[in-house]
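Novice: here is my input, please return the structure:
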Amino acid sequence: MGSLTKAALICGSGSMIILASILINLPFYVQILLLLAGLVISIYGVFLLVKMVVHPAEKLAEESIEQPTVPAPKKKKGPTSTL
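Specialist: The predicted model follows:
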């Protein structure tokens, strides 16, 4: 999974926590706790996205490390004719 996808999922999960804390009827202090947790998670996801935009070279270096190197296929020698 790419780093952009991870950052977007983190932002989305924070937003879903905020939405769930608003929709579910919970005690006031639990709602406040969930709202703050969702806000912190969303801010962290936005921080990751901004970091990718500001420093794209680090993202490229990270992607090149994650991808395994595949050796080049060996060339087959064609049939040789002896005349």
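Novice: going by C-alpha atoms from here, please, whenever you check contacts or count neighbours.
Specialist: OK.
Novice: confidence score at Glu62?
Specialist: If you check Glu62, the pLDDT there is 57.
Novice: ah, wrong one, I meant Leu48
Specialist: Per-residue pLDDT puts Leu48 at 90.
Novice: same check, this time on Cys11
Specialist: For Cys11, the predicted pLDDT is 88.
Novice: helix, strand or coil: sort out Pro79 for me.
Specialist: State at Pro79, reduced to three classes by DSSP: H, G, I helix; E, B strand; the rest coil: coil.
Novice: ok, and the closest non-adjacent residue to Ile41?
Specialist: Distances taken as C-alpha to C-alpha, 6 or more residues apart in numbering place Gly14 nearest to Ile41, at 4.9 Å, with adjacent residues excluded.
Novice: quickly note the distance from the one you found to Lys77.
Specialist: 58 Å (C-alpha to C-alpha, to the nearest Å).
Novice: more crowded one of these two?
Specialist: Comparing Gly14 with Lys77 by other C-alpha atoms under 10 Å, the one with more neighbours is Gly14, at 23 against 6.
Novice: quick one: what helix or strand has the more buried one in it?
Specialist: Per DSSP states H and E: Gly14 is located in helix 3-23.
Novice: other SSEs contacting that helix?
Specialist: Helix 3-23 sits against helix 28-54, with contacts defined as 3 or more C-alpha pairs under 8 Å, 6 or more residues apart in numbering; DSSP states H and E.
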